[in-house]
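Asks: okay, here's the prediction I keep looking at, along with the sequence it came from:
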Amino acid sequence: MKVLYDIPAPAKLNLFLHITGRRADGYHLLQSAFMLIDWHDTLHFELRPQSKISREDLTVPLPEDDLILRAARALQTATGTSQGAHIRVEKRVPAQAGMGGGSSDAASTLLSLNQLWGLQLSRKQLTCIGLSLGADVPFFLSGHNAWVEGIGEQITPLTLPRAQFLVVKPAAGLQTQAIFSAPDLKRDTNPAILEGFAANPFGFGCNDLQSVAQRLCPDVTKALDWLDSLGLQGRMTGSGSAVFARVPNLFKLGKVPQALELRLCSNLEVHPLAEWAS
């Protein structure tokens, strides 16, 4: 049986996230720096005949029709392949955290099934499929940390210094739609330039979604206050409830509040599957 085991799907942090406008169709225009970290899901793929796609949840139960299954079906539709797959998922990246877990799973699925099914699609072709699944999927397919603009489709590779981060996920999650539909969301931040970010990559800008998120989810404020109590400058990542702060080398944690899920993470220079498409 043809298989691909232990395929990583890394999470990301938004080092900053600015909303610079809104298109006539309602999509928000953003600027952000996306950074890969070593907190990841693990996927396993087994070839199946007759186009059948199935999924087995090895840790937490996923929605019945999640981005993994949608990515597999989209790849089948785009290529007309009659091959199928059984996908087993070890889910570790928390949901509704703003860490891109579902989008990363979808990207790793597209890259893996492109290999397993021998389709030989280019990165550009996979990205066209990925964009139809979600705005963050093209970033995970790009293979690098990136300066991201537009609605998520304008991606410029970034080189970032190696660093450690304390990532904290409160028990409560946040729905992306609830934040972006909020009337008090700031939508007119002046566009930044890449050179300004490069001068201070881990302290640049802010997350324009954070004030709305704190109003909708008090647990975000509690997590930020806990980081502040440690002498750390925290901010929210993406549109979920997770927050993070850069920490010095040899950082040691004291007592952790029971309601928080957290991990000490390092950033990645490239995506683990960066060489799987050209």
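Replies: In hand now; what should we look at? Residues are numbered from 1 along each chain as shown.
Asks: just checking, residue 232 touches residue 248?
Replies: No: counting by CB atoms under 8 Å, residue 232 stays clear of residue 248, with 9.6 Å between them. In this view, the C-beta of every residue, glycine as well, is placed from N, C-alpha and C.
Asks: of the two, which one has the most company?
Replies: Using other CB atoms under 10 Å, the more surrounded residue of residue 232 and residue 248 is residue 232, with 19 against 8.
Asks: where's that one, which helix or strand?
Replies: For residue 232, there is no enclosing helix or strand under DSSP states H and E.
Asks: leaving out sequence neighbours, find the closest residue to it.
Replies: Nearest non-adjacent residue to residue 232, counting by CB to CB, 6 or more residues apart in numbering: residue 245, 3.8 Å away.
Asks: where does that neighbour sit: helix, strand or coil?
Replies: Classification of residue 245 by DSSP: H, G, I helix; E, B strand; the rest coil places it in strand.
Asks: in stretch 253-269, what's buried?
Replies: By 16 or more other CB atoms under 10 Å, the buried positions in stretch 253-269 come out as 262-263, 265, 267-268.
Asks: closest to residue 73 out of those?
Replies: residue 268 (28.6 Å; CB to CB).
Asks: in strands, which of the buried residues of stretch 253-269 fall?
Replies: Among the buried residues of stretch 253-269, the subset assigned to strands under DSSP state E consists of 262-263, 265.
Asks: who's in contact with stretch 136-144?
Replies: Outside stretch 136-144, the residues that touch it by CB atoms under 8 Å, 6 or more residues apart in numbering are 9-10, 12, 34, 67, 71, 100, 103-104, 106-108, 110-111, 123, 126-127, 130-131, 146, 148, 152-153, 155, 157-158, 270-271, 273-275, 277.
Asks: hey, where'd the helices end up in the stretch 51-200 of the chain?
Replies: 67-79, 101-116, 123-131, 137-142, 176-180, 194-198 (DSSP state H, counting those that start in this stretch).
Asks: now render the ones you listed as TSV, adding mean pLDDT.
Replies: Formatted as TSV, the helices of the stretch 51-200 of the chain follow (pLDDT from 0 to 100):
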stretch	mean pLDDT
helix 67-79	98
helix 101-116	98
helix 123-131	96
helix 137-142	96
helix 176-180	92
helix 194-198	94
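Asks: mean neighbour count and distance to residue 169 added to those, as JSON lines?
Replies: Output for these, formatted as JSON lines (neighbours: other CB atoms under 10 Å; distance: least, CB to CB, whole Å):
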{"stretch": "helix 67-79", "mean neighbour count": "20", "distance to residue 169": "19"}
{"stretch": "helix 101-116", "mean neighbour count": "26", "distance to residue 169": "11"}
{"stretch": "helix 123-131", "mean neighbour count": "19", "distance to residue 169": "25"}
{"stretch": "helix 137-142", "mean neighbour count": "26", "distance to residue 169": "19"}
{"stretch": "helix 176-180", "mean neighbour count": "15", "distance to residue 169": "15"}
{"stretch": "helix 194-198", "mean neighbour count": "13", "distance to residue 169": "25"}
